[in-house]
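> Attaching a predicted model along with its sequence, questions to come.
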Amino acid sequence: MESAAQARGTGWHITNMAAESANQMLEIVEFGSMNGQASLEAGICNTSDNVNTNCAAITGSTAALGNETGHATSTVTEINGTNTSYSDAGKRAISYRGVENPWGNTWHMIGGLNIKGDGQSLGGAPYICTDYNYSPGLISSNYESLGFNLPSTYGWISAMAIGDTKYDWVFLPAECANTANSLLPVGDNLWVTAHTNENKILAVGGSYNLQENDGPFYYAADRNVAESSRPNYGARLMFIPTKNGIYTANISKWTAKMGA
Amino acid sequence: MKNHGKVYSSIAPNLIEITENAVYIASNIQTYTKTIEGHVQSGYEYDCVEYGKDEYLSYQASQIAALQQELEAAKILLGVD
């Protein structure tokens, strides 16, 4: 997926953990909650699954919102050649500050985030890539440990771990205890494989069929590379601008505007 | 008041859950088990309504007033003081 993104040209990648965390932190502050579904809307999460067919909704229906947060008036889902338009919550697209379907519709892979499975580390140890030379499922020399393990039990998230100082902006689950539910404190679920011996990849957000599980902190940490080819798995594009004159001028303009 | 609709939990909820700032009322509590993409999920599903604490006090006061009215009406019907 990263190779396909880079093929678009210089600066193009699939979203990584830094991009994901930035949006998560904005959502926490703006919503005053980690429960995105309760704060904004369910997102596309009520479409029946078909393992052989991509049941994701067609993207673009929130374009009229621009960079506003909200939901589409209606969204079209195409299944086996038949287009159906839906206007009800759970089947229409949402947008968070211009990011369409930040959760629901299609799981999006997190570029450069692998889960190391050594059979000892609870639900696996997250490792992050220090550049854009990703090696899904492999802990190469350009990967660094976040300094904690995912919990070995899956379920509703009750506590978040924070990475070592260098990665203290990473939000990944540390605990799925019986005190949590689909409302509080996070409202999202975690999938892990306990004491796995296999390295995993990481996807976030959930997909069109996962109902109340979906949300900004819903992680699938139990999938290997081959399993990411399921119809409801994909990735989101991002563009990292080159720090040229246009970039620095825009940053200066933004800084002046924010300081005004 | 905020109606959260269906809420899912791995443990049975309390009918009334009071936190520092809010009161959560659970109703229609039922057990559920479902399998999603190979993951078995089981627990309790219920309807949940959230009140602010002041809002809940006001709600309780109106409920008590309504009950008192019904009690007075019943007394009149029964002919008791």
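Cool, the structure landed.
> quick one: contacts for the closest residue to A:Ala19 other than its chain neighbours?
Spatially, and ignoring its direct neighbours in sequence, A:Ala19 is nearest to A:Met238 (5.3 Å; CB to CB, 6 or more residues apart in numbering or on different chains). For glycine as for every other residue, the C-beta is placed from the backbone atoms N, C-alpha and C. Taking CB atoms under 8 Å, 6 or more residues apart in numbering or on different chains as the contact definition, A:Met238 lies against A:12-16, A:19.
> Which stretches in the stretch 1-150 of chain A count as helices?
Remark: helices assigned in the stretch 1-150 of chain A by DSSP state H, counting those that start in this stretch are A:2-6, A:17-31, A:36-39.
> one step back: dump the contacts of A:Met238 to CSV, plus pLDDT and distance to A:Tyr208.
Listed next are the contacts of A:Met238 as CSV, based on pLDDT from 0 to 100; distance: CB to CB, whole Å:
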residue, pLDDT, distance to A:Tyr208
A:Trp12, 96, 25
A:His13, 97, 24
A:Ile14, 96, 19
A:Thr15, 96, 19
A:Asn16, 96, 23
A:Ala19, 95, 22
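> Distance to A:Glu78 and neighbour count for the residues you listed - can I get that in TSV?
As requested, the contacts of A:Met238 are exported to TSV (distance: CB to CB, whole Å; neighbours: other CB atoms under 10 Å in any protein chain shown):
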residue	distance to A:Glu78	neighbour count
A:Trp12	26	16
A:His13	28	21
A:Ile14	23	23
A:Thr15	24	21
A:Asn16	29	20
A:Ala19	28	17
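> Can you give me the neighbour number for the residue in the stretch 151-260 of chain A positioned nearest to chain B?
The nearest approach of the stretch 151-260 of chain A to chain B comes at A:Asn181, 3.5 Å away (CB to the nearest CB). A:Asn181 has 24 neighbouring residues, counting by other CB atoms under 10 Å in any protein chain shown.
> what's across from it in the sheet?
Beta-bridge pairing of A:Asn181 under DSSP bridges involves B:Ser9.
> quick one: it and B:His4 touch, right?
No - contact criterion CB atoms under 8 Å: A:Asn181 and B:His4 do not qualify, at 10.0 Å.
> for the residue lying closest to B:Ala22 once chain neighbours are set aside, helix, strand, or coil?
Nearest non-adjacent residue to B:Ala22, counting by CB to CB, 6+ apart: B:Glu50, 5.4 Å away. What DSSP: H, G, I helix; E, B strand; the rest coil gives for B:Glu50 is strand.
> re earlier: could you dump the helices of the stretch 1-150 of chain A to CSV with distance to A:Cys45?
Shown next, in CSV, are these (distance: least, CB to CB, whole Å):
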stretch, distance to A:Cys45
helix A:2-6, 25
helix A:17-31, 17
helix A:36-39, 8
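> Just name the most buried of those.
Mean neighbours per residue, mean count of other CB atoms under 10 Å in any protein chain shown, is largest over those for helix A:36-39, with a mean of 24.
> Centre of the chain to it, how far?
Relative to the centre of its chain, helix A:36-39 is centred 15 Å away, using CA atoms, centre = their mean, to the nearest Å.
> and that helix, is it in reach of chain B?
Yes - applying CB under 8 Å from any CB of the partner chain, one finds that helix A:36-39 is in contact with chain B at A:Ala38.
> Tell me the helices and strands packed up against that helix.
Counting by 3 or more CB pairs under 8 Å, 6 or more residues apart in numbering or on different chains; DSSP states H and E, the packing neighbours recorded for helix A:36-39 are helix A:17-31.
> is it true that A:Tyr134 touches A:Ile110?
No - with contact defined as CB under 8 Å, A:Tyr134 does not count as touching A:Ile110 (10.0 Å).
> Have a look at those two and say which one is more surrounded.
The residue with more neighbours, out of A:Tyr134 and A:Ile110, is A:Ile110; 28 against 25, by other CB under 10 Å.
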